[in-house]
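Participant: Sequence first, predicted coordinates after that:
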Amino acid sequence: MDKTDIIASPNRLVWAGLLLLALAAPFLVGFDLYLIHVGITISFNVALATSLWMIWSLGVISFAHAGFMGIGAYASALVLTKLGLSMWYGLWIGAVISALFAMLIAVPLMRTRAVYFFMASWAVGEVIKRNFAYFKDFFGGWDGVFDIKPPVLDLGFLQIDFADRLAYYYLALFFVALTVWIIYRMNASRTGMIWWAIHENELLAQHTGINVFRQKVVCFTIACTLVGVTGALYAHYQTYISPKSFDIWKSEFALVHLIVGGLTTVGGPVAGAISLTMVDEALRATGYFRTIFFGVVLIASVLLLPGGLETIPARIRRLFNRKSKE
Amino acid sequence: MSDFLQMGLTGLSLGLMYALIAIGLTLIFGVMRIIQYAHGEMFMLGAFALYYWHAELGLPYWAGVAFSAGLIFCLGAVLQVVLFKPLQGKNILYSLAVSLGLVLIISGSGQLLFGTTTKGIPSAVSGGMLIGGAYLSYERIVISAVSIGLIIALWAFLRHSVTGFAIRAVAEDPQTAALQGIRTDRVHWIAFGIGSAMAAIAGCMMGTLLSIVPTMGFLATIKAFMIVIMGGLGSVIGALIGGLILGMIDSVVTTTISGDIAIILSFVVIFLILVFRPSGLFGQNWD
C-alpha cells in the first residue's frame, strides 16, 4: 500500500502508530527491566485475547483457551527437557499438537450451544489442566516443568541470546504482531464474513449453504493453534510452567480483556488487553487491594462504558459533532 | 457392603447440599437469564454471617441460620437492583463480567476482613448412629433434612403461591408476563434474593460440617455450575438430580480411587452429557 492509502484510512494509521510505539517502547522506558517484563506480559495477553476474539466471531466464548495455551507450552517445554530440541522446534510442535487436540475436541464440543458451550469448554480446559497435574512422571504434576531455556538464534555472523529480556520482548512482539495480523486478515476475508454470519444467525447461515459445523471446527482449530504458539513463547519466557499457570482464571481474564475492550472489532481485545494489563500492574503495589480494585475497574467499565474501549473514538466524534452544531 | 452403604450415605448428604447451592443458581438463571458467577461468594458470606453470630457472639444456632439467610437475601436483592438490572436483555457475557468483578471484590475483601485462617462453626447437634454397619452422624441427618425441606418448600412456593406463579411466568416469557400486570422488576429481585439466600443456608450447613475460609466460594461456584449445566439451566429437578450425581461421584470415587480422579471424572461426565444432550438432562434450548 502506498502512503496516501495510509492517510486515507485512519484505522491503518492507528495500527501503524501502535506498532511504532511498541517498537520504540523499550527506548522510551529507558530499558527498565521491570517495564520490559510488563511489555512482554502485555504481548502475551494481547495474543490470548485476540485469538479468543476469533472464537467469539462464531458467537461463543471458549473457557478452554488457557488450556490450549497450556498444551502448546507443555509440548514445547517437554520437547526441550526430554528431547533436547530448542524452542525453534518446540514452537511448531506445540502448535501442531495444540491444533490436533483442538480439532479432535471441537467435533463433539461444537454440538453444544450458547451457555452450554461455555460450560462444556470449561470442562475441557479443566480436564486438560488436571491431566497435567495428575500424570506426575510425564508432566511433573503440580510442581510443573522447570528449566525451560530460552532459545539462541544463530545466524552465523550474529548470535542473539533470547535469555536477554530486551531480545525476548522483540521476539514476543513479532509473534503477537503476526497473530493479530493473521486474525485481522482472516476476519476481513470471506471466511471471516462466513463466521460473522454464523454469529448473527446460525440457522440462516446453514440455509444459505454454509457448512456451519465445518466452519466452526476450522475457526476453533486456527484460534487454538495461534494460542498454542503463544503458550510455547510463554513457557520459554517464564522458564517454569505449572498446571496453575493455565487455569480457568487465565481464560476468564482474557474474556474480561475482550469485554472491556469491545467485542465487534479486533481493536477491542487489543485495547482491552493493553489497558487492563497496565491497570493490573499499576495496582500491584496495593497488595491485598489489588484484586478488589481490579474488580471495581471491571464492573465500572462494563456499566459505565457499554460497548467497551473501542467505542471511545465514536463517542468523542459524537461529542465534537454536537458541539459544532451548537 | 457397609463400605458401599457408607459411601452412598455420604454421597447422598453431599449431593443434597450441592443441590441446595445449585437450585439457587438455576432459579436466578431461569428468571433473569444472567450468569451469576458470584453465587459461591453468597455461599461464603452466608457461612461467615453464621460464624460471627454463633461462634463469636454466642447467639443461638438456628436463629443464626435465619439471620444469615435474611442478610444474604437483602444483599442479593440490592446487587440485582444496582448491578444486574442495567444489564437486562444484553448479551449474557456482560453479566458474566460483572459477576466476575463481584467475585474479585467479595473474595478479596473477605480475605482482608475475615483473615485467611481456617475457621469452624460449632454444630447444633452431636452424636450419631449406626445403620447396617455405616456410621451416620446426627449432624448429617439434620443437614440432609434441612436441604430436603428447603427444596420441597421452594417447589411448593413456586407451584402454589402467587409470587411463585409470577416468578414462573417471568421465567417463561418476561414480556407477556409484564403485559399481564406482573411487576417483573420486583420478581427479579425477589428471585435473586431467594437464590442467594439458599446458597447462604447451604453455606451455613457446609460450614458446620467442614470448615470455612474466605476463598471457599470459588469451589462452590464451580460445583454449582457443574450441577446446573448437567441438569439443564433453569430446571429445579435437573439441579437436584445433578447434585446427587455429583455428590455420588465425589463420595465413591474419592474413597475408592483418589480426589484428583473424582474431579477429572466429573468433568468428563459433564462433557459427555452435554455432547449427547446439548441442553443438559432436563434443560430447554436457550439461545
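Facilitator: Nice, thanks for sending it over. Numbers count the residues shown, from 1 in each chain, chains lettered A, B, ... in the order given.

Participant: Show me what from the stretch 151-300 of chain A comes close to chain B.
Facilitator: A:252, A:255-256, A:259-260, A:263, A:288-292, A:294-299 (Cβ under 8 Å from any Cβ of the partner chain). Bear in mind the C-beta positions are built from the backbone N, C-alpha and C, glycine included.

Participant: rerun at 10 Å
Facilitator: A:202-203, A:248-249, A:252-253, A:255-256, A:258-260, A:263, A:287-300 (Cβ under 10 Å from any Cβ of the partner chain).

Participant: Cross these against helices and list the overlap.
Facilitator: Among those, the ones falling in helices (DSSP state H) are A:202-203, A:248-249, A:252-253, A:255-256, A:258-260, A:289-300.

Participant: Would you mind checking those residues for buried ones?
Facilitator: The neighbour-count test (16 or more other Cβ atoms under 10 Å in any protein chain shown) marks A:202, A:248, A:252-253, A:255-256, A:258-260, A:290-295, A:297-299 as buried among those.

Participant: by how many degrees do the helix or strand hosting residue A:273 and helix A:248-261 diverge?
Facilitator: Secondary structure from DSSP states H and E places residue A:273 in helix A:267-282. Helix A:267-282 and helix A:248-261 are oriented at 120 degrees to each other (axes from the mean of the first three to the mean of the last three Cα atoms, to 10 degrees).

Participant: Hmm, residue A:143 is touching residue A:137, no?
Facilitator: No - checked against Cβ atoms under 10 Å, the pair residue A:143 and residue A:137 is beyond contact range at 11.9 Å.

Participant: Neighbour count for those two, which is higher?
Facilitator: residue A:143 (12 against 6; other Cβ atoms under 10 Å in any protein chain shown).

Participant: My read is that residue B:24 contacts residue B:43, right?
Facilitator: Yes - between residue B:24 and residue B:43 there is a contact at 8.7 Å, judged by Cβ under 10 Å.

Participant: any common contacting residues for these two?
Facilitator: Taking Cβ atoms under 10 Å, 6 or more residues apart in numbering or on different chains as the contact rule, the neighbours common to residue B:24 and residue B:43 are B:72, B:196, B:198, B:199, B:200, B:201, B:202, B:224.

Participant: residues touching the residue in the stretch 151-300 of chain A that chain B sits nearest to, list them.
Facilitator: Residue nearest to chain B within the stretch 151-300 of chain A: residue A:295 (3.3 Å; Cβ to the nearest Cβ). Going by Cβ under 10 Å, 6+ apart, residue A:295 touches B:38, B:98, B:100, B:101, B:102, B:103, B:104, B:105, B:106, B:107, B:108, B:109.

Participant: which residues of chain B fall in helices?
Facilitator: Going by DSSP H, chain B shows helices at B:2-32, B:39-50, B:61-79, B:92-114, B:138-160, B:162-172, B:174-179, B:184-209, B:216-231, B:236-256, B:259-276.

Participant: Once you drop chain neighbours, what's closest to the closest residue to chain A within chain B?
Facilitator: Going by Cβ to the nearest Cβ, chain A is nearest to residue B:104 of chain B, at 3.3 Å. Ranked by Cβ to Cβ, 6 or more residues apart in numbering or on different chains and with sequence neighbours excluded, the top spatial neighbour of residue B:104 is residue A:295, at 3.3 Å.

Participant: again with residue A:129
Facilitator: residue A:243 (4.8 Å).

Participant: ok, that neighbour touching residue A:132?
Facilitator: Yes - Residue A:243 is within contact range of residue A:132, at 4.2 Å (criterion: Cβ under 10 Å).

Participant: Let me know the pLDDT of the closest residue to residue B:32 other than its chain neighbours.
Facilitator: Distances taken as Cβ to Cβ, 6+ apart place residue B:188 nearest to residue B:32, at 5.7 Å, with adjacent residues excluded. pLDDT, residue B:188: 90.

Participant: how much space between the residue nearest to residue B:104 and residue B:100?
Facilitator: 8 Å (Cβ to Cβ, to the nearest Å).

Participant: got any residues that touch both of the two?
Facilitator: residue B:38.

Participant: how about the residues of the stretch 1-150 of chain B near chain A?
Facilitator: B:29, B:33, B:35, B:37-38, B:82-83, B:86-87, B:90-112.

Participant: if I look at the closest residue to residue B:34 other than its chain neighbours, how far off is residue A:302?
Facilitator: Nearest residue to residue B:34 in three dimensions, chain neighbours excluded: residue B:95, at 3.7 Å (Cβ to Cβ, 6+ apart). Distance, residue B:95 to residue A:302, using Cβ to Cβ: 9 Å.

Participant: Now for these two: what residues contact both?
Facilitator: By Cβ under 10 Å, 6+ apart, the residues touching both residue B:95 and residue A:302 are B:83, B:87.

Participant: Flag every residue of the stretch 151-287 of chain B that's near chain A.
Facilitator: So the stretch 151-287 of chain B meets chain A at B:218, B:222, B:225-226, B:228-230, B:232-233, B:258, B:260-261, B:263-280, B:283, B:285-287 (Cβ under 10 Å from any Cβ).

Participant: if we can go back for a sec, let me see the contact set for the residue nearest to residue B:34.
Facilitator: Residue B:95 sits in contact with A:302, B:28-29, B:32-37, B:83-84, B:87-88, where contact means Cβ under 10 Å, 6+ apart.

Participant: In contact with residue B:149, which residues are there?
Facilitator: Per Cβ under 10 Å, 6+ apart, neighbours of residue B:149: none.

Participant: Residue A:288: neighbour count?
Facilitator: 10.

Participant: Surely it touches residue B:115?
Facilitator: No - the pair residue A:288 and residue B:115 does not pass the contact test of Cβ under 10 Å, sitting 11.4 Å apart.

Participant: For ChimeraX, write the select line for the buried members of the contacts of residue B:95.
Facilitator: A single ChimeraX command selects the buried members of the contacts of residue B:95 (16+ other Cβ under 10 Å):
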select /A:302 /B:28,29,32,33,34,35,36,37,83,84,87
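
Participant: Near residue A:97, how many other residues are there?
Facilitator: By other Cβ under 10 Å, neighbour count at residue A:97 equals 20.

Participant: State whether it is indeed within a helix.
Facilitator: Yes - assigned with DSSP: H, G, I helix; E, B strand; the rest coil, residue A:97 falls within a helix.

Participant: so how many other residues sit close to residue 70?
Facilitator: All of this is about chain A. Residues near residue A:70, counting by other Cβ under 10 Å: 30.

Participant: please go with chain B instead
Facilitator: Residues near residue B:70, counting by other Cβ under 10 Å: 14.
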